[in-house]
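Test case, fold it:
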Amino acid sequence: MKDKIVVKVSDVKKYFPLDGVTVKALKSCNLNIAQGEMVSIMGPSGSGKSTLMNLIGCLDKPTEGKISINKRGTENLEADDLAQIRNEEIGFVFQNFNLLPRMTALDNVELPLIYAGIKRNRRRKIAQEKLEAVGLANRLHHYPNQLSGGQQQRVAIARALVNNPKIIIADEPTGNLDTKAGMEIMKILKNLHRQGNTIIIVTHDLYIAKKSQRIIKLKDGVIDNGI
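I've put the predicted structure just below:
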């Protein structure tokens, strides 16, 4: 049976105006990512990888071309509809963790469930389960400044998982971590992949990228098929 395509990028271009000049961040990209696949998008600064991530993650819309997430086109959707897809289909993990400093690990992980309208007792239970799944059962009530960088990234992963997204996008997930903590985060992502999640890692680190099944290399706004 042919693999189900969960991300389809077709002839996508993205242009930005900058100081009276049009910057062509992406120049006609085509890409398919199958359900359950683990891929890395890599390239140097300015290659377009962050722009592509933002388009796949429904944080932005293309200038031209089409993007579909689970067969739903996103390029013409309004902001509320894009937000709905982000909340239901995609979990984000960021380099800087993006945790709220005055909230505990449990409270941070609960946030997406509050937005989803889940009742308090249920969301507390789900958040606790996700934190336990990433090895933080004994850190539920710690604040971010009481956690190591690796532990903060585990909290971020748990938060990304609470809505059971079909796609996890990890933007430089090991970029602010030492080697040991980075490898622990990659083990968690690999385990999530084995459980059937689609994982998209954005990285400049070839060592990290090689942990994926496939590397998508961007150069000057186009996908380099020479690797």
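
For this structure, give me the ranges with low pLDDT.
Applying pLDDT under 70 to the chain flags residues 1-2, 225-227.

just the strands in this structure please.
5-18, 21-34, 38-42, 64-69, 72-73, 90-93, 167-171, 198-203, 214-219, 222-224 (DSSP state E).

Any chance you could list what contacts the fifth one?
Judged by Cβ atoms under 8 Å, 6 or more residues apart in numbering, the contacts made with strand 72-73 from elsewhere in the structure are 66-67, 85. Every residue, glycine included, has its C-beta placed from N, CA and C.

and it, which strands flank it?
As defined by DSSP bridges, the strand partners of strand 72-73 come to strand 64-69 (antiparallel).

Against D81, how distant is P173?
27 Å (Cβ to Cβ, to the nearest Å).

quick one, which of these two is more surrounded?
When P173 and D81 are compared for neighbours, P173 comes out ahead with 26 against 13, by other Cβ atoms under 10 Å.

For the strands of the chain, please prepare JSON lines with the additional fields distance to R102 and mean neighbour count.
Listed next are the strands of the chain as JSON lines, based on distance: least, Cβ to Cβ, whole Å; neighbours: other Cβ atoms under 10 Å:
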{"stretch": "strand 5-18", "distance to R102": "34", "mean neighbour count": "17"}
{"stretch": "strand 21-34", "distance to R102": "35", "mean neighbour count": "16"}
{"stretch": "strand 38-42", "distance to R102": "33", "mean neighbour count": "23"}
{"stretch": "strand 64-69", "distance to R102": "33", "mean neighbour count": "18"}
{"stretch": "strand 72-73", "distance to R102": "36", "mean neighbour count": "12"}
{"stretch": "strand 90-93", "distance to R102": "21", "mean neighbour count": "23"}
{"stretch": "strand 167-171", "distance to R102": "24", "mean neighbour count": "24"}
{"stretch": "strand 198-203", "distance to R102": "28", "mean neighbour count": "25"}
{"stretch": "strand 214-219", "distance to R102": "37", "mean neighbour count": "19"}
{"stretch": "strand 222-224", "distance to R102": "41", "mean neighbour count": "18"}
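
Out of these, which is closest to Y143?
Across these, Y143 has its closest neighbour in strand 90-93 (19.4 Å, Cβ to Cβ).

What is the closest one packed up against?
helix 149-161, strand 167-171 (3 or more Cβ pairs under 8 Å, 6 or more residues apart in numbering; DSSP states H and E).

mind checking which of those is nearest M42?
strand 167-171 (11.8 Å).

residues in contact with the closest residue to T63 other than its chain neighbours?
Leaving out its chain neighbours, the residue that sits closest to T63 by Cβ to Cβ, 6 or more residues apart in numbering is Y15, at 4.6 Å. The contact partners of Y15, by Cβ under 8 Å, 6+ apart, come to 22-25, 63.

Many thanks, I have nothing further to ask.
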